[in-house]
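Chemist: missing the sequence, but the structure's below:
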């Protein structure tokens, strides 16, 4: 006849208790997870703080109002216009600079001789704008014309796009000392609203 010894029952007792406690802990954790993630939500209550904080997405193809700063009569003139809304701010900023430069023969001096090769937004809100002369290898302009052309680009970017805090102008993909021989481009440029006609 088979009989259990008191010794074997004594060693399995604490092990059983530990197993029961572990099972209870797992069941509690699983129950809390399901209660927290799948409980009913009251009508009208936000599903989560993150979902409530997400703004409505912009629809690409809509028109985005921007202000271009056009050199005219020795000052910058703020001109309201629109560009095509893009899925990314960087594309919208490129569109704004192209609108500034793209007026063709009617564009102000200096700007009509430039094209946008590229641009990118660096750390701290610094926009690097790479300009290139169109057709000719040298930009000819007075110091005032050069100043207004540079700040037309700077003001257009910094005024329309809050992500852009300052601008660095490159020429043909390289750091340049100047655009037309007068204005120092070796530094970061912030907007200058003092150049804009009141």
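Modeler: Received, thanks. Computed from a predicted model, the values in this text were never measured in an experiment.

Chemist: Only C-alpha atoms from now on, for both contacts and neighbour counts.
Modeler: Noted.

Chemist: so what's residue 67 bridging to?
Modeler: residue 80 (DSSP bridges).

Chemist: Break this protein down into its domains, please.
Modeler: The chain breaks down by automatic domain parsing into domains covering 6-53, 63-195.

Chemist: So for the first one, mean pLDDT?
Modeler: Domain 6-53 comes out with an average pLDDT of 55.

Chemist: now the last one
Modeler: Confidence over domain 63-195, taken as the mean pLDDT, stands at 88.

Chemist: Give me the distance between the two termini of that domain.
Modeler: 28 Å (C-alpha to C-alpha, to the nearest Å).

Chemist: who's in contact with residue 110?
Modeler: Neighbouring residues of residue 110 by C-alpha atoms under 8 Å, 6 or more residues apart in numbering: 139, 140, 141, 145, 146, 149.

Chemist: got a winner among those for most neighbours?
Modeler: The residue in the contacts of residue 110 with the most neighbours, by other C-alpha atoms under 10 Å, is residue 149 (25 neighbours).

Chemist: buried residues in the host helix or strand of that residue?
Modeler: Following DSSP states H and E, one finds residue 149 within helix 143-160. Of the residues in helix 143-160, 145-160 count as buried by neighbour count, 16 or more other C-alpha atoms under 10 Å.

Chemist: Throw the contacts of residue 110 into JSON lines and include distance to residue 97, thanks.
Modeler: Converted to JSON lines, the contacts of residue 110 look like this (distance: C-alpha to C-alpha, whole Å):
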{"residue": "139", "distance to residue 97": "18"}
{"residue": "140", "distance to residue 97": "20"}
{"residue": "141", "distance to residue 97": "20"}
{"residue": "145", "distance to residue 97": "17"}
{"residue": "146", "distance to residue 97": "16"}
{"residue": "149", "distance to residue 97": "12"}
